[in-house]
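> kindly return the folded structure for what I paste below:
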Amino acid sequence: MRAFALVSSVALAVASVSHADIFQYLDCDGNGTLLLTELDAEPGVDLSGLYLGCADLSGTDLCFALLFNADLTNANLSGADLFGADLTNADLTNANLSSVTLLGAILPGANLSGADLSGTGLDFANLFGADLNDANLTSANLSNANLSGANLSGADLSDAFLLSANLSGLRSGGIVGTPDSLPSEWSLISGYLIGPSADLSGADLSNADLFNAELTNADLSGADLSGANLFNADLSGANLTNANLTNADLSTAYLRDADLTNADLSGADLSGTFLDGTTICPVTDQTGSCCTNSGCASISESNCSAMGGTWTKDGSCDDCSQAFCSGDTTGDAIVGFDDLVIVISNWGACP
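This is a model prediction of the structure:
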């Protein structure tokens, strides 16, 4: 009887220790032991700043756990519950997070490159500035998630849900698969997520079909847009400095307050383009100053003519304010019958 009680006590102690301790499934750090910490993997546990590489945390309940600055590289968290957990700046490189609950989790600045997030619930999660490069997000739920400033380059978004997600300042490129849903005004084109305030600096969008694209305040600095179809695209406030727009179709596009400093517009179609407040100066040897009703552009004479503007080879954008009078609605430097027709056709109360 006494022996039985002793054995039972030992078994209970071992069970308690195994429950409290967190072990590696593989000796990734090479220190000769699989024990990582004697802290319990339980809701609200503070594991911040700890090395948990290759930790076996599959199926654990870590709701509201503190894991900020923790090193979870190659960790197995499949099926775990991380509802509301704080993973700020945590390193989850190549971690297995498949089918994990991360609803409302806090992950700003987290490194999730190469992580498996397939089927994971990330709705309402804060992923501001997170690195999701080459991550597997197949069938992941990212609806209403904050992905502003995040990096999704090379990520697999097959059947992923991104409805109402915040994608402002998002970097992308080389995206695999087709998402199930995207926020309004966003689309997936040539492997890039295209939308308002997107970070597309240096992007290769040559010959891309960006017809009617919504790119207000987008960063397209240094982007290759040669031969791209930007017909009727909204590029208001966009940064297009040093962009390559050779032979691009920008007809009827909106470029109000856009910055095209040093952009290459050789052969671009700018007919009907709205240029109010657009910055394209200074004038170069290949281009001149083109004054239109909607502003000034430093472009070729042929493009200026297509826009109905007045071109001066050595002119300055400063001259544009005198180029047209208020009654010249057509922009041909003449107030005449055609201007009157436009006024009459738009007669009545403004909408």
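
> report pLDDT for residue 303.
At residue 303, the predicted lDDT confidence score is 63.

> how about the strands of the stretch 101-250 of the chain, start to end?
The residue ranges that make up the strands of the stretch 101-250 of the chain, judged by DSSP state E, counting those that start in this stretch, are 187-189, 192-194.

> the last one - contacts with which helices or strands?
Same thing as strand 192-194. Other helices and strands packing on strand 192-194, by 3 or more C-beta pairs under 8 Å, 6 or more residues apart in numbering; DSSP states H and E, are strand 187-189. Backbone N, C-alpha and C define where each C-beta goes, glycine included.

> on that earlier part again, could you export the strands of the stretch 101-250 of the chain as a markdown table, including distance to residue 99 and mean pLDDT?
As requested, these are exported to a markdown table (distance: least, C-beta to C-beta, whole Å; pLDDT from 0 to 100):
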| stretch | distance to residue 99 | mean pLDDT |
| --- | --- | --- |
| strand 187-189 | 24 | 97 |
| strand 192-194 | 24 | 98 |
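
> any idea which of the ones you listed is most buried?
Mean neighbours per residue, mean count of other C-beta atoms under 10 Å, is largest over the strands of the stretch 101-250 of the chain for strand 192-194, with a mean of 24.

> what pairs with that one, and is each one parallel or antiparallel?
According to DSSP bridges, the neighbouring strands of strand 192-194, each with its direction, are strand 187-189 (antiparallel).

> mind checking the strands of the stretch 101-250 of the chain for the one nearest to residue 267?
Residue 267 sits nearest to strand 187-189 of all these, at 21.8 Å, using C-beta to C-beta.

> domains in this structure, as residue ranges please.
Residue ranges for each domain of the chain read 24-191, 200-351, as given by automatic domain parsing.

> where among those is the average confidence lowest?
By mean pLDDT, the lowest-scoring of those turns out to be domain 200-351, with a mean of 79.

> can I assume residue 70 is in contact with residue 46?
No: counting by C-beta atoms under 8 Å, residue 46 is not a contact partner of residue 70; they are 10.0 Å apart.

> ok so, going back, for residue 51, which of the strands of the stretch 101-250 of the chain is the nearest?
Closest approach to residue 51 among the strands of the stretch 101-250 of the chain is made by strand 192-194 (34.0 Å; C-beta to C-beta).

> ok, and what's touching that closest one?
Around strand 192-194, the neighbours that count as contacts under C-beta atoms under 8 Å, 6 or more residues apart in numbering are 152, 167, 170, 172-173, 175, 182, 186-188, 198, 200, 203, 205, 210, 213-215.

> distance from that strand to the middle of the chain?
Shown here is strand 192-194, whose average C-alpha point lies 7 Å from the average C-alpha point of the whole chain (C-alpha atoms, centre = their mean, to the nearest Å).

> give me the sheet partners of whichever helix or strand comes after it and which way each runs.
The element immediately downstream of strand 192-194 (helix or strand, assigned by DSSP states H and E) is strand 288-292. For strand 288-292, sheet partners with direction are given as strand 295-299 (antiparallel), strand 310-312 (antiparallel), following DSSP bridges.

> send the alpha carbons of stretch 137-151 over as CSV?
Below are the C-alpha coordinates for stretch 137-151, written out as CSV (Å, rounded to 0.1, in the frame of the first residue of the first chain):
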residue,chain,number,x,y,z
LEU,A,137,-1.6,32.3,-45.9
THR,A,138,-3.8,29.8,-47.8
SER,A,139,-7.4,30.0,-46.7
ALA,A,140,-6.3,32.3,-43.8
ASN,A,141,-8.9,34.8,-42.5
LEU,A,142,-7.4,38.3,-42.5
SER,A,143,-10.7,40.2,-42.6
ASN,A,144,-10.6,43.5,-40.7
ALA,A,145,-6.9,42.9,-39.9
ASN,A,146,-4.5,45.8,-39.8
LEU,A,147,-1.8,45.1,-42.4
SER,A,148,-0.7,48.7,-42.9
GLY,A,149,3.0,48.8,-43.6
ALA,A,150,3.3,45.0,-43.7
ASN,A,151,5.3,43.1,-46.2
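
> give me the residues contacting that stretch.
117-133, 152, 155-172, 177, 180-181, 199.

> show the buried residues in the residues you listed.
117-133, 152, 155-163, 165-172, 177, 180, 199 (16 or more other C-beta atoms under 10 Å).

> for residue 36, see how far away the most centrally placed residue in the chain is.
Among the residues of the chain, residue 170 comes closest to the average C-alpha position under C-alpha atoms, centre = their mean, at 1.6 Å. Distance from residue 170 to residue 36, counting by C-beta to C-beta, to the nearest Å: 34 Å.

> then residue 247?
Residue 247 is 58 Å from residue 36, by C-beta to C-beta.

> more neighbours: these two, which one.
Taking other C-beta atoms under 10 Å, residue 247 and residue 36 do not tie; residue 36 has more neighbours (23 against 17).

> can I get the strands of the stretch 101-250 of the chain in TSV including distance to residue 144?
Formatted as TSV, those follow (distance: least, C-beta to C-beta, whole Å):
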stretch	distance to residue 144
strand 187-189	19
strand 192-194	16
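
> thinking again about what came up before, thought the residue nearest to the centre of the chain was touching residue 199?
Yes: under the contact definition of C-beta under 8 Å, residue 170 touches residue 199, with a separation of 6.2 Å.

> okay, and residue 338 sits in which element?
helix 337-345.

> how many residues are close by residue 96?
Look at residue 96: counted by other C-beta under 10 Å, it has 22 neighbours.

> when you give positions from now on, start the count at 51
Yes, from this point I'll number from 51; that puts the last item at residue 146.
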